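Quick check, what structure comes out for this input:
(2 chains)
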Amino acid sequence: MSALLTLEGLGKDWFGVPAVEGLTLSIAPGEVLGLIGENGAGKSTLMNMIGGVVPPTRGRMLWEGQPYAPASAADATAEGVAFIHQELNLFGNLSIAENILIDGFPRRMGLIDRRAMARATEALMARLDLDLSPDRPVGTLVAGEKQLVEIAKALHRRARLIIFDEPTTSLTTREIERLFSLIDRLRAEGTAMIYISHILGDVVRVADRVAVLRDGSLVGEGPVDDFPVPRMIHSMIGRELADVFPPRRIAPPDAPPVLEVEGLSAPGVIEDVSLTVREGEVVGLFGLMGAGRSELARILFGLDPAERGRVRLGGQALHGGPRERIAAGMGFVTENRREEGLMMDASVRDNLALAALGQFAAGPLGLVDREKVGAAAQAMQQDLRIKAADLARQPVRSLSGGNQQKVVLGKWLLSRPHLLILDEPTRGVDVGARAEIYAIVNRLAEEGCGVLMISSELDELKGMCDRIAVMRGGEITGERSRAGGYRDADLVALAFGEQAAA
Amino acid sequence: MTWMTPLDFAVRYTAVLILALIVVIFGIVAPAFLAPGSLMSTLKAASFIGIAAVGMVFVLLTAGIDLSVGSAMYLAPVIAGIAMQRLGIDVAPALLLCLLVGAAIGLVNAILIVRLRIVPFIATLAMLFLVRGLGIWSTGSRQIDFPASMRAFGQSALFGIPMPVIAFAIVAAAAHIVLAHTAFGRHIYAFGNDAEAARKAGLPVRRMQAAVYVICSTCAALAGFVLISQIGRIDAGFGEGREFDVITAAVLGGASLFGGIGSAVSAVLGAVTVQAVKAGLVYAGVNLYLQPIVQGAIIFLAVFLDGLRAIRMEKQARRSIRPLA
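Residues are numbered from 1 along each chain as shown, chains lettered A, B, ... in the order given. Just a heads-up that it's a prediction; the model follows:
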């Protein structure tokens, strides 16, 4: 089989420092290449070279044997390269059809030919089993549908190489299955694909071949069957991860409760939720997307109102918004760290100090003592091993995903919470940093903090939690404890409801 | 339309609902308000702000703003008037000259914003003073009297429909076709929704952004010409503060200050609503000095509704991320 895209000794330097080095790799039509590597391994740089965003410093690329040197993203698109990014590039105020045909509307007498547009779109949507009106505004679609629109766009441009970058993070289980079967069909039709993900199980499911990047170099490559998940992890981090989930002293079952939730309801969101988190306990919250887990977290943190029920922290009834709840000892690591958890353009130090700023106020005017903040930030950096060169100047935006998440955690650690709510704390975080985050959570628990951990990854919850509560449709459908043993089928059945299990 | 709840519907059609409410209220308080003659005169009075508001919608759709429209509607007719006086040109070439001056003002705005990357608010604020200053300097702040042919044009009518209303209808219809049925128009919406994504999609972003300012100033120039042709004279204060009327009309009609939302219909609805309130207050015999207060309330209402709409859309976006099974 002749290759569609070939990379020969490809390299890219940033300010004289190589980000990608001596990369030789090829991908054939109808082949799915799983590309894995920790954050900062050079995946983005490689993709930017293929996508025409940055030119390589060394080496060359070949497209069907011909030299390929895209000068812009448009060049790459014209050649047949399409990207399906984590953040989709769609216009919510335009219709599905308009989004697909945005750079080439069919025209009649200078005006857009709406009928031709609908015809073209309907054919594409039928291929993707997307049963929606082409006139529907994209802003009203759910995440999985939006992604299909993005794929339809790629198909419309007759893309021959589609690059998926963490495509499943915001999809429901059902939508993920639909995406995978679509990838299978595209493969059968001869489309080449590169699939980038931190979710290694997904890579095993869709990829034919696996390529592993570490520190800018290709450190492993071969058929997916030769790359079971442990070998993938080993190649990515260059060392055995002794145990991703470090052991932890189990919280005594008679420890005093930190968080007590009784009959909490908010119409249309959650219904009659009761839950307890004890001192030193890690309680997991499992469920499908839209089961109401994040919504429950927002209500507990005072961001959204509840209509009925009680929430107590350390025996005290909670009222008011986040400000009062932080004062009472609550912390909340949101699932959306870029938009809600961090000030992306502010320094690492300022981000760390934010939730505990009151501690650093000094003097009669209550001015913030910068030196104290600096010292605390430095201590936190060492403690959590945050990789940042200059705490006071470096914006959080410039850190890798894992280090950003450590900054969010550090921010809450400084305020010494009694209860920490974590919403998808390892999403978009590489394996190495993941293990570090787990260790931080364990340490917190050992110090007596109660942790409520929301995650869509069952393995993560099973590895971390003393108890797991499962939500579905805004209700808690069951709770299992580590002592009683976790069974995947049992937990998944609770998340799907009995019908799906039967 | 299964995806639209009654509340979404209300948010979407607020402008129509408000106009209907106003017409009903004033119709009950002062039935004379609903007489065909007074409705037509309301429409005629609305066309001045309305024509400029149509242009403003283009700018608002890109999440920009143009504060120089009040000055553009002064300077452009002034230049046309001077040409009519000194060169003795007729109404038609004078109108063309007026539009060209408007386009030139818009081009300067475009250069400041697109080429020099000055924030639209600041660039057009500077132009507000600069353009008016040019007009006052060239006239010595004296008023300019137009030849009789100008008023004859302004007072003319076709099939009983006054000229300003016809001009308004033509501009609004043209804008609707451009915005809803051309690639250029749809690209404006795309850009207003997500400028970065529009750039990534390879759309002609700079050309498009420049064009909306030219369109906006040209519309303002036309609006000025249409009103002046009815009066036959222009003085140094003409158009002052009108930028706020124009923006209010566009936003009240449903265009968003945040970009990406609005249409030619917004400009029409908004301008008619503002004028209907003004006329209604007169018919209802409300104290003249209360009217600025009412106007303030309208601006507040317009911006408040825009804010509500933005919040609503944010909620919609959130809802679409997590479908509640």
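
so how far is B:L19 from the closest residue to A:S265 other than its chain neighbours?
In space, and not counting its chain neighbours, A:S265 is closest to A:R308: 4.5 Å by CB to CB, 6 or more residues apart in numbering or on different chains. Glycine gets a C-beta too; all of them are placed from N, C-alpha and C. Using CB to CB, to the nearest Å, A:R308 is found at 41 Å from B:L19.

Of those two, which one has the most company?
B:L19 (20 against 12; other CB atoms under 10 Å in any protein chain shown).

How about the more buried one: what's its closest non-neighbour residue?
B:T273 (4.7 Å).

Helix or strand: which one has the one you found?
Using DSSP states H and E, B:T273 maps to helix B:264-283.

Now do the helix or strand just after that helix: distance to the chain's middle.
As assigned by DSSP H and E, the chain's next helix or strand after helix B:264-283 is helix B:291-321. The chain centroid and the centroid of helix B:291-321 are separated by 18 Å, computed with CA atoms, centre = their mean, to the nearest Å.

so who does the residue nearest to A:S265 touch?
By CB atoms under 8 Å, 6 or more residues apart in numbering or on different chains, A:R308 lies in contact with A:G263, A:L264, A:S265.

Could I get the buried residue list for the helix or strand where the last one lies?
A:S265 is located in strand A:257-266, with elements delineated by DSSP H and E. With burial defined by 16 or more other CB atoms under 10 Å in any protein chain shown, the residues of strand A:257-266 counted as buried are A:P257, A:V258, A:L259, A:E260, A:V261, A:L264, A:S265, A:A266.

repeat for stretch A:113-120
Those would be A:R114, A:M117, A:A118, A:A120, for stretch A:113-120 by 16+ other CB under 10 Å.

ditto for stretch A:376-383
In stretch A:376-383, counting by 16+ other CB under 10 Å, buried: A:A376, A:A377, A:M380, A:Q381.

Hmm, A:A356 and the second one touching each other?
In this case it means A:A377. No - with contact defined as CB atoms under 8 Å, A:A377 does not count as touching A:A356 (10.6 Å).

Now A:G484. Its backbone dihedrals?
phi -80, psi -10 (degrees, to the nearest 10).

need the helices for the stretch 1-150 of chain A, in chain order.
A:43-50, A:73-79, A:96-100, A:114-127, A:143-156 (DSSP state H, counting those that start in this stretch).

Would you reformat the ones you listed as CSV and include mean pLDDT?
Formatted as CSV, the helices of the stretch 1-150 of chain A follow (pLDDT from 0 to 100):
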stretch, mean pLDDT
helix A:43-50, 87
helix A:73-79, 85
helix A:96-100, 93
helix A:114-127, 90
helix A:143-156, 87
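
Show me the one of those that comes nearest chain B.
Closest of the helices of the stretch 1-150 of chain A to chain B is helix A:73-79, at 4.5 Å (criterion: CB to the nearest CB).

List of residues touching the closest one?
Here helix A:73-79 has contacts from A:I50, A:G51, A:G52, A:V53, A:W63, A:Y68, A:P70, A:R157, B:K200, B:G202, using CB under 8 Å, 6+ apart.

If we ignore the residues flanking it in sequence, what's nearest the second one?
Of all residues beyond its chain neighbours, the one nearest A:G51 is A:A76 (4.9 Å), with distances taken as CB to CB, 6+ apart.

From A:L161, how far out is that neighbour?
From A:A76 to A:L161 the distance is 9 Å (CB to CB).

intersection of neighbour lists for those two?
Taking CB under 8 Å, 6+ apart as the criterion, A:A76 and A:L161 both touch A:I50.

low-scoring pLDDT stretches of the chain, where are they?
All of this refers to chain A. In the predicted model of chain A, residues A:1, A:15, A:39-40, A:86-87, A:237-244, A:249, A:289, A:497-502 satisfy pLDDT under 70.

Chain B, not that one
B:1-12, B:313-325.
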